[in-house]
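Visitor: model this:
(2 chains)
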Amino acid sequence: MNGNGDRPGPAGWAARGAVLAAVAALVLAVPAFRGNVEVHVFTQAAIYAVIGLSLNVLLGYTGQISLGHQAFVGIGAFTAAYMVSRQGQPFVAGIVMAMVVGGLQALVLGAVSLRVTGLYFALVTLAYGTMAEESLFNIQSLTGGSAGQPAPKPAWFSTDLRYYYLCLAFLAAVIWIDWRLMRTKGGRALLAVRENPKVAATNGVDVKVYTLMAFVVAGVFAGLGGALLAHNDTFVVRDLFDFQLALVFVIMTVVGGLRNRTGVVLGSAFFSLVGYFFDKLFKGGLAVPGLKVLPKEYVPIVIGPVLLLYTLTRHPGGVGEQIRPLQRWLRGGRFTFRDTSESEVRVSDVRA
Amino acid sequence: MSAHLLAQAVVIGVITGAGYGLVALGLVLVHKSSGVFNFAQGEFGTVAVYTLYRLHDRIGVPLLPAMVVGLAASMAMALATERLVVRRLFDAPRVTLLVATAGVALLAISLELWLGEARLRFIQPALGRLDRLSLFGVQVSDQRILILGVLAVLAVLLGLFFSRTNRGLAILAVSQEPVATELMGISVRRLSSFIWGLAGLLAGIAGMLAAGDARSFGPGFMTFNTLIPGFTAAVLGGMNSLPGALVGGVVVGVAQSLAVSSSAFKAIPGPGSVMVFVLLVAVLTVRPQGLLGKA
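Guide: Here you go, the predicted structure:
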């Protein structure tokens, strides 16, 4: 990180510690003093971060895009709800099953369709998402059809605040697993594949197998995100998992900044929270003269595409690149906008 | 399934498939010239429908001028997309452009939801009679005859355009050798604008015809109803062939309609979308060059 050997002094470390403590306080302590409605929203932000990290595995590490991630998440949500309310299984079994099913469906879809990559793969995932939406989620015996399926919170985490901490713990676990996985042989192989698939293949990396593995990991994370989402809302309805949601997932990951976990978490949390806080800011919606009031549920899909197009054309690194100086500083480096070591994310990183 | 039901399903399939073919034409045009998968193609059409509805059904502008303005709106949106998004990302990988056009589509849908509310609008088809013809017990309305007629005329016009005019030949040249075409003194950028405008026009026509046939529309109407079948049709045609896109559209339409009416699919909800997904994956894995393409 720091080539010159000028490590910060005690005051420098204290300042860094203070910033970290402030962030920790914001995440851990502030929700304890807020109402249940807000805690529910914060919990959703943590869950969106899990989903964003799931997409980051695909989009950031393999360069393949999923436009059907609402199906991945939805399958996890319905699996968890089915296990708990139809099978009478405990919460943990539902979570585990959601992750297993999430991974399995990714394995099957990937095994069938990963022989095509890039644009065509994106098309397949889009059609997959729509199929799940119109067909899979309408199977009465599994999903409860249009009535939906209840998914009560587990007994130990029955209050919104406790469940919030549980979701934070899951998010921390996902970040840790993601970080460890990228340090393994498979993780390094994936980065090589993304840099240049042909060179990687020449050096003995089985591109297809590693891409499929990444796909399964993304499926497991998405299944977990779906299960957590189901229990947060205590009810799963199929209408939630539509095409717009799939695009919001992609947008929050890209705007957050591919391959930058902190960026992805921030981007995901932003898109989860923006509707609620927008509503608080403009009581009852933003009333532009001559236009209709903008309801809070449409806020992410109105500002999302604008931020996406801005990010793609101006700052391909997204939020992750903007906070990089801060991250360097926190690790004991100097606060500088000049990039010293880590390579920046380029437009070309979202690629086939 | 009885022969009568089968014939009915085929007639319905051909008619809806013609609509998919129109969408696929626009997708293939753009892909041929710039290699972009344009996910906003459907929404170009919805914008035309909204404009037409506002002017004709709300303000009372006569149908023809309202249609012209509606088509101009979809063309303007396509040109703006080309200018503000596609051109800025000209050197970016194609998946980035796909994400960007999907963003354009979402922006249009969200604005339609915001300004037009999340409800269906009911409209009258352009032509009145619903029972002009009866084929195997399927009532074929004037609107549906119009769809088939417009598609045939467009197919002939586009065929002539690409074989007889300089500009059409220039587009084919760009799709094969952009650098050499530029060296021959043809502006690739200007052609790109032209193609996107044409795609916008096709999307607008497709949208108006489809809305007239469905007799209702809402936010994201064309994206939700025709984008995936349209892409599947284009892929069936190999993503590069205009006749292939039309044939592909009919194949997708018939396959979907057979799935919906077949008793084998009764147990599955949403059989149409399952069929399209299966068809798409099957073509991509078994015959990626398309039905008409050479191996």
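Visitor: residue 85 in helix, strand or coil?
Guide: Unless you meant another one, I'm taking chain A. Put simply, A:Ser85 is helix when judged by DSSP: H, G, I helix; E, B strand; the rest coil.
Visitor: tell me what the closest residue in space to it that isn't next to it in sequence is bridged to.
Guide: Closest residue to A:Ser85 apart from its sequence neighbours, by CB to CB, 6 or more residues apart in numbering or on different chains: A:Pro150 at 5.0 Å. Any C-beta I mention is one placed from the backbone N, CA and C, and that applies to glycine too. On the basis of DSSP bridges, A:Pro150 is bridged to A:Phe235.
Visitor: least confident secondary structure element in the chain?
Guide: With no chain named, the answer covers chain A. Least confident helix or strand, chain A: strand A:286-287 with a mean of 62, by mean pLDDT, DSSP states H and E.
Visitor: I was thinking of chain B, sorry if that wasn't clear
Guide: The helix or strand of chain B with the poorest confidence is strand B:133-135; it has a mean of 66 (mean pLDDT, DSSP H and E).
Visitor: can you pull out the low-pLDDT segments for the chain?
Guide: Assuming you mean chain A. A:1-6, A:283-291, A:337-352 (pLDDT under 70).
Visitor: I was thinking of chain B, sorry if that wasn't clear
Guide: Checking chain B against pLDDT under 70 turns up B:1, B:117-118, B:124-139, B:265, B:292-295.
Visitor: can you give me the helices for it?
Guide: Under the criterion DSSP state H, helices of chain B are mapped to B:3-34, B:41-52, B:63-81, B:94-116, B:142-164, B:166-176, B:178-183, B:188-214, B:221-222, B:228-236, B:242-261, B:271-286.
Visitor: and what of the stretch 251-352 of chain A?
Guide: Using DSSP state H, counting those that start in this stretch, the helices of the stretch 251-352 of chain A run over A:261-281, A:299-314, A:318-322, A:324-330.
Visitor: quick one, which of these gets closest to B:Val251.
Guide: helix A:299-314 (32.5 Å; CB to CB).
Visitor: what's the closest one packed up against?
Guide: Where contact means 3 or more CB pairs under 8 Å, 6 or more residues apart in numbering or on different chains; DSSP states H and E, helix A:299-314 is packed against helix A:243-256, helix A:261-281, helix B:94-116.
Visitor: could you list every helix and strand in contact with the lengthiest helix in chain A?
Guide: In chain A, taking DSSP H as the definition, the longest helix is helix A:207-233. Secondary-structure packing of helix A:207-233 (3+ CB pairs under 8 Å, 6+ apart): helix A:36-56, helix A:69-81, helix A:91-113, helix A:160-183, helix A:185-195, helix A:197-202.
Visitor: how near is the residue lying farthest from the centre of chain B to B:Leu169?
Guide: Residue farthest from the centre of chain B, counting by CA atoms, centre = their mean, is B:Leu183 at 32.8 Å. In this view, B:Leu183 and B:Leu169 are 16 Å apart by CB to CB, to the nearest Å.
Visitor: what about the residue nearest to A:Ala98 when sequence neighbours are not counted, how many residues nearby?
Guide: With CB to CB, 6+ apart as the criterion, A:Ala98 has its nearest non-adjacent residue at 3.6 Å, and that residue is A:Ala227. Residues lying near A:Ala227 (other CB atoms under 10 Å in any protein chain shown) number 34.
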